[in-house]
Each structure stands twice: as structure tokens, then as C-alpha cells.
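# Next come a sequence and a model predicted from it.
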Amino acid sequence: QVQLVESGGGVAQAGGSLRLSCAAFGRTDTIDGMGWFRQTPGKEREFAAAVRWNFEGKYYADSVKGRFTISRDKAKNTVSLQMSDLKPEDTANYYCAGRKGGGVYLPGDHSGYDFWGQGTQVTVSS
């Protein structure tokens, strides 16, 4: 089992930046990929970015491409999401997710992730 703990949410003005971090604990040797998803009330969870754990590979939703950067630190078992040029529509609860190995990895498919953090709120004011 893997436990994920997010940190770094908060309030930013449009055009500003925030950095989210996610620390993984437990059986981190089973992790194959890590992702960030976001959700607003009444809407489905939306993919933002993902990274392969043991191989090269970073993936982004079109809505965040060029503004968000995902990175991982295997030595520290952390994954981060640097968010720049924030927009009011980026306001959401952001969730860190982890996937065990096996099968085809579809980074944007939230149903393919096995572990989830508790979420951290990001609010962008105009």
C-alpha cells in the first residue's frame, strides 16, 4: 500500500505561481506512474499532468501545457507540480495519484490510479 500526502496549495493571483508537492510513503517500490488531477464541485475529476516513475515520460493536459511542469524525485519519493501563469479556471482541489505497475498506462485516465492523496485546494483570483 502507498500513502500520498499533498502540500503547497493556497491562493494566488492570476498570472502568479504555486508549487504543489506530493510525498509517497509505504510500498513506493510498486509505483509505476504519478499524476495530478483536479476537481471542482459538480464536475468530474480532470487530468492535469503525469510522470512515469521508472522511465522518461511526462504528460500534460492541453489546458495546462506550457504553464505547468511536473517533476519527480525518486530519492525523496516526491512528485511536484510547478504551476505558472495561473488562471482563475485553474481553481480546483488538486489530487495527487499513484499507479502500480502492470497493464497499459493511460496517464489521463483517473480510473487507472490505485492511490490518492487527500487533496489540496488551489484558488486563483482574477
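That came in fine, so what should we check first?

# where does the chain have low pLDDT?
Applying pLDDT under 70 to the chain flags no residue at all.

# same thing but 90
The chain contains residues with pLDDT under 90 at 54-56, 101-105.

# can you give me the strands in it?
2-7, 10-13, 18-26, 31-39, 46-52, 58-60, 68-73, 78-83, 92-100, 115-116, 120-125 (DSSP state E).

# Against which helices or strands is the shortest one packed?
To tie it back to what came earlier, the one meant is strand 115-116. strand 2-7, strand 92-100 (3 or more CB pairs under 8 Å, 6 or more residues apart in numbering; DSSP states H and E). (Glycine included, C-beta is placed from N, CA and C.)

# And the longest one, what's buried?
The neighbour-count criterion (16 or more other CB atoms under 10 Å) identifies Ala92, Asn93, Tyr94, Tyr95, Cys96, Ala97, Gly98, Arg99 as the buried residues of strand 92-100.

# what residues are up against the closest residue to Ser84 other than its chain neighbours?
Among residues not flanking Ser84 along the chain, Ser17 sits closest, at 4.6 Å (CB to CB, 6 or more residues apart in numbering). Residues near Ser17 by CB atoms under 8 Å, 6 or more residues apart in numbering: Gln82, Met83, Ser84, Asp85, Leu86.

# Bridge partners for the residue nearest to the spatial centre of the chain, pull those for me.
Centroid-nearest residue in the chain: Trp36, 1.7 Å away (criterion: CA atoms, centre = their mean). When bridges are called by DSSP bridges, Trp36 pairs up with Ala49, Cys96.
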